[in-house]
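**Student:** Fold the following, please.
(one chain, ligands or ions: 2)
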Amino acid sequence: MIQNVAVIGAGSWGTALASVLADNGHQVTLWVRDPKQAEAITTTHRNEKYLPGVELSARIAATSDIHAAVHEKPIVLLAVPSHAMRQICRDLAPSLASDVLLIHAVKGFELGTLKRMSEVIQEEIPFEISSRLAVISGPSHAEEVVRRQPTTVVVASESESSMLRSQDLLMNRNFRVYTNPDLIGAELAGALKNIIALGAGMSDGLGFGDNAKAALLTRGLAEISRLGLKLGAMPPTFAGLAGIGDLVATCTSKHSRNWRAGFLLGQGKKLEEVLQEIGMVVEGVRTTQAADVLAKREDVEMPITHVLYGVLFEGKDPRQGVEQLMGRLKTYETEYLNPDHV
Ligand SMILES: NC(=O)C1=CN([C@@H]2O[C@H](COP(=O)(O)OP(=O)(O)OC[C@H]3O[C@@H](n4cnc5c(N)ncnc54)[C@H](OP(=O)(O)O)[C@@H]3O)[C@@H](O)[C@H]2O)C=CC1
Ligand SMILES: O=C(CO)COP(=O)(O)O
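**Tutor:** Ligands and ions are numbered 1, 2, ... in the order given. So this is what the prediction gives:
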């Protein structure tokens, strides 16, 4: 069935998801905060700021009026940076239909509260939404999705019907959507992999090779899933598209902003100049901060995250960080191999 869908956020991911929806025949209202950018997207069918050179469907119309964007829409998809999520939910809540299906596509935590995005959404929407709330996660660079290159993702929700509706809405021949009931795991895996992508970029920026990259991916997956499981994720999610799938895509791709930020840091640039040079959201920076605190709170060992925290926020030299990781005490590969493990 053809639907009217509001997509909130016209950065690269919101625009790419709007394209998938338009390819599926849906009418899309794309919310962007800058009125000039809204007009340009609607009239030129392009989003030159975030996805230059890409022709967008005429089924996508942009607006800077958030109330008009969501008013009477049966489906709203949120694709804004994590730091903007709470305020955006507050802004749109008064105009939201009470039976709306909300899908979010955001890979991050709220820094101050350390909450997942679905928790923030539920706090700000003034009616029961958990049974109509889903997340989309997995290896999906906007630059490839918008060019209709084969992509697979997961939609996760506590509600079977919301999951199936989201799958039907987004799935097409280029964009394959799997369902997964583990909402917590899909959110955590999608957010936490960005930390490791920063590390992988840094390793490349330092001139290290494939061995170092493989080590970061493998040991990185071990520590992010350790935290994920402690916070309520299900193990298969970290072994699936939202986990290892997105980890591989982000740690090895020229499209990844997190990988690129790490690369520039590895080459000796300072965090501020790196973020300015990239000019798009690099979620892994805040997520490293959040995860470092969560790891302490939950008593979970996350050595890569901790070293990255030092490089990002305490002026640690990346090379010293690598020495610190390589010089850790001897240990079993996994805690399950340790005879003392309970
Ligand atoms: N890009 C990708 O391939 C993918 C991204 N994601 C996730 O999607 C989320 C959005 O990322 P993405 O689209 O890539 O980000 P971009 O950096 O491409 O775009 C960010 C968008 O958010 C807007 N924005 C920034 N700050 C605020 C604010 N305070 N209030 C309202 N709007 C704001 C920007 O508007 P303005 O231009 O006016 O600053 C812009 O439209 C992130 O969590 C990311 O991890 C997930 C999968 C793939
Ligand atoms: O999550 C992503 C791809 O799945 C996008 O990663 P970056 O934010 O690092 O570009």
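
**Student:** ok, now which ones touch the closest residue to residue 32 other than its chain neighbours?
**Tutor:** Closest residue in space to residue 32, ignoring its immediate chain neighbours: residue 10 at 3.7 Å, by Cβ to Cβ, 6 or more residues apart in numbering. Every C-beta, even on glycine, is put in place using the N, C-alpha and C of the backbone. In this structure, residue 10 makes contact with 18, 30, 31, 32, 37, 38, 41, 47, 50, 62, judged by Cβ atoms under 8 Å, 6 or more residues apart in numbering.

**Student:** could you measure residue 10 against ligand 2, distance?
**Tutor:** 16 Å (Cβ to the nearest ligand atom, to the nearest Å).

**Student:** got it, and residue 141?
**Tutor:** From residue 141 to ligand 2 the distance is 5 Å (Cβ to the nearest ligand atom).

**Student:** Surely that residue touches residue 248?
**Tutor:** No. Contact criterion Cβ atoms under 8 Å: residue 141 and residue 248 do not qualify, at 11.8 Å.

**Student:** quick one, which of the two is more surrounded?
**Tutor:** Counting neighbours by other Cβ atoms under 10 Å for residue 141 and for residue 248 shows that residue 141 has the greater number, 21 against 17.

**Student:** remind me which residues of the stretch 201-342 of the chain are low pLDDT?
**Tutor:** Scanning the stretch 201-342 of the chain for pLDDT under 70 picks out the ranges 342.

**Student:** Please, where are all the helices along it?
**Tutor:** In the stretch 201-342 of the chain, the segments counted as helices under DSSP state H, counting those that start in this stretch are 210-230, 235-238, 246-252, 257-266, 271-278, 283-298, 303-313, 318-326.

**Student:** doesn't the residue nearest to residue 32 fall inside a helix?
**Tutor:** No. Residue 10: not assigned to a helix; according to DSSP: H, G, I helix; E, B strand; the rest coil it is coil.

**Student:** Contacts only, for residue 237.
**Tutor:** Residue 237 touches 154, 156, 180, 182, 185, 186, 189, 228, 243, counting by Cβ under 8 Å, 6+ apart.

**Student:** Which residue is the nearest non-sequential neighbour of it?
**Tutor:** Closest to residue 237 by Cβ to Cβ, 6+ apart is residue 185, at 3.2 Å.

**Student:** Of all pairs in the contacts of residue 237, which one is the farthest apart?
**Tutor:** 154 and 228 (14.3 Å; Cβ to Cβ).
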